[in-house]
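> Structural data only, the sequence is not supplied:
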């Protein structure tokens with residue numbers, strides 16, 4: 001507080017000295033010599049250190065003193081050109097004061113916006129830390145519940161009826177889905193904060209696809225959806241070698257195939273098309289669902305995005321986002337498009353690598 005008062009006094013002192021110098025120059029020379037322009041320095045100095053009222057007062061004082069030189073008795077005959085020069089100087093002072101005021105308002109608006117952004121960033125960081133901690137703490141009880149359900153299903157606590165076995169199976173499936181969502185949340189936040197760490201090795205995408213399809217057979221059977229695999233135009237089984245992380249690429253297939261199965265009506269089909277080229281490998285997941293609206297297409301791979309079509313009735317908004325993270329980390333690209341006349345296509349492209357041993 002004391003430092004602010006001393007700075008204000010110092011500023012007023014400098015302004016007073018500047019005013020005194022300009023006044024001496026103004027009143028010791030003929031009126032046609034205009035030194036009022038020098039008052040702009042005092043206005044700018046006041047704008048950087050004093051409040052708006054002080055800046056206005058100094059601007060008015062500078063314009064008044066600039067015009068006062070015309071009214072001092074005993075001066076030479078007043079010419080129109082002299083009056084015009086004085087009025088131009090006054091206009092320059094007024095414009096300087098107005099621009100200073102406007103500049104200060106802009107600086108205050110920028111400072112306020114920056115403070116808001118910092119506050120939002122801090123809030124986002126706190127929220128992400130909270131979600132990350134919460135999801136991490138949820139894993140332990142979920143794993144415990146899943147293990148307990150396994151013991152019950154294996155009749156280690158006594159015999160169970162067929163109806164009870166069906167209920168336990170439903171509970172176990174629900175717990176596994178929740179655990180998968182929790183793990184996805186953890187991975188998303190970890191990848192955003194630390195980057196996705198890959199364990200790279202030669203991977204055959206065809207093998208990964210077959211393995212994931214095998215794990216999703218029960219889901220497809222429950223949904224009454226048929227899954228098929230094709231190898232491009234030749235339709236002969238081929239190898240699609242890439243330099244990748246088999247675990248993470250498996251998650252890509254899991255997310256895309258689950259998405260296709262969940263949004264394909266009963267009796268529909270999900271096709272996995274594997275295409276091998278000289279420079280890259282392409283995978284396409286095609287379904288016979290309701291397709292994607294044009295409004296949703298640009299946002300499908302955004303974090304927590306929830307569309308309005310029935311393709312997203314049960315999604316978390318994280319699976320496709322995580323999938324994009326993984327494909328991008330592998331140096332690939334991912335996209336989505338509508339099929340004609342019905343359905344959707346999700347595809348990704350990865351750089352090809354030579355088969356192991358070459």
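Perfect, I can see it now. Keep in mind the model is a prediction, meaning the values are calculated, not measured.
> Now do the contacts for the closest residue to residue 355 other than its chain neighbours.
Distance criterion C-beta to C-beta, 6 or more residues apart in numbering; nearest residue to residue 355, sequence neighbours excluded, is residue 241 at 5.1 Å. Yep, even glycine has a C-beta here, placed from its N, CA and C like the rest. Listed by C-beta atoms under 8 Å, 6 or more residues apart in numbering, the contact partners of residue 241 are 202, 203, 204, 205, 281, 352, 353, 354, 355, 356.
> Which ones among these lie within strands?
Among these, the ones falling in strands (DSSP state E) are 202, 203, 204, 281.
> Which of those lies at the shortest distance from residue 33?
For the ones in strands among the contacts of residue 241, the minimum distance to residue 33 (C-beta to C-beta) is 82.0 Å, reached by residue 281.
> isn't residue 239 right up against residue 203?
No: assessed by C-beta atoms under 8 Å, residue 239 is found out of contact with residue 203, at 10.3 Å.
> So which of the two has more stuff around it?
Per other C-beta atoms under 10 Å, whichever of residue 239 and residue 203 has more neighbours is residue 203, with 24 against 13.
> At which residues are the helices of the chain located?
Along the chain, the stretches classed as helices by DSSP state H are 2-27, 39-49, 52-68, 80-153, 162-194, 205-215, 217-223, 246-262, 319-329.
> just how off-centre is stretch 271-285 within its chain?
30 Å (C-alpha atoms, centre = their mean, to the nearest Å).
> buried stuff in that stretch?
271, 272, 273, 274, 275, 276, 280, 281, 282, 283, 284, 285 (16 or more other C-beta atoms under 10 Å).
> Farthest-apart pair in those residues, please.
That would be 271 and 280, which, of the buried residues of stretch 271-285, are the farthest apart (C-beta to C-beta) at 20.0 Å.
> which regions of the chain sit below the pLDDT cut-off?
Along the chain, the model assigns pLDDT under 70 to residues 1, 72-79, 124, 126-137, 193-194, 233-237, 304-317, 357-358.
> domain ranges for it?
Using automatic domain parsing, the domain ranges for the chain come out as 2-117, 135-194, 201-351.
> mind checking the end-to-end distance for the longest one?
End-to-end distance of domain 201-351: 13 Å, with C-alpha to C-alpha, to the nearest Å as the criterion.
> and among the domains of the chain, the most buried is which?
domain 201-351 (a mean of 17; mean count of other C-beta atoms under 10 Å).
> Distance check, residue 154 against residue 275.
According to C-beta to C-beta, to the nearest Å, residue 154 stands 44 Å off from residue 275.
> now do residue 170
According to C-beta to C-beta, residue 170 stands 38 Å off from residue 275.
> now swap in residue 332 and tell me
In terms of C-beta to C-beta, residue 332 sits 14 Å off from residue 275.
> just residue 150 next, same as before
To residue 275, residue 150 is 40 Å away according to C-beta to C-beta.
> Then residue 85?
Residue 85 is 80 Å from residue 275, where distance means C-beta to C-beta.
> what's the closest non-adjacent residue to residue 198?
Nearest non-adjacent residue to residue 198, counting by C-beta to C-beta, 6+ apart: residue 245, 4.2 Å away.
> contacting residues around that neighbour?
Going by C-beta under 8 Å, 6+ apart, residue 245 touches 198, 199, 200, 201, 203, 326, 330.
> Show me the two of these that sit farthest apart.
Pairwise distances across the contacts of residue 245 (C-beta to C-beta) peak at 15.2 Å, for the pair 201 and 326.
> residue contacts, residue 231?
Applying C-beta under 8 Å, 6+ apart to residue 231 gives the contacts 206, 237, 238, 273, 274, 275, 276.
> what sits up against stretch 35-48?
So stretch 35-48 is contacted by 11, 14-15, 18-19, 21-22, 25-26, 29, 54-55, 58-59, 62-63, 65-66, 69, 86, 89-90, 92-93, 96-97, 100-101, 103-104 (C-beta under 8 Å, 6+ apart).
> ugh, typo on my part, it should be stretch 99-117
43, 44, 46, 47, 52, 55, 56.
> Try it again at 7 Å.
Defining contact as C-beta atoms under 7 Å, 6 or more residues apart in numbering, one finds that stretch 99-117 is touched by 43, 44, 47, 52, 55.
> Now render those as a markdown table, adding distance to residue 253.
As requested, the contacts of stretch 99-117 are exported to a markdown table (distance: C-beta to C-beta, whole Å):
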| residue | distance to residue 253 |
| --- | --- |
| 43 | 68 |
| 44 | 65 |
| 47 | 63 |
| 52 | 64 |
| 55 | 66 |
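> of all the residues you listed, which comes closest to residue 266?
Once C-beta to C-beta is applied, the member of those that ends up nearest residue 266 is residue 52, at 70.6 Å.
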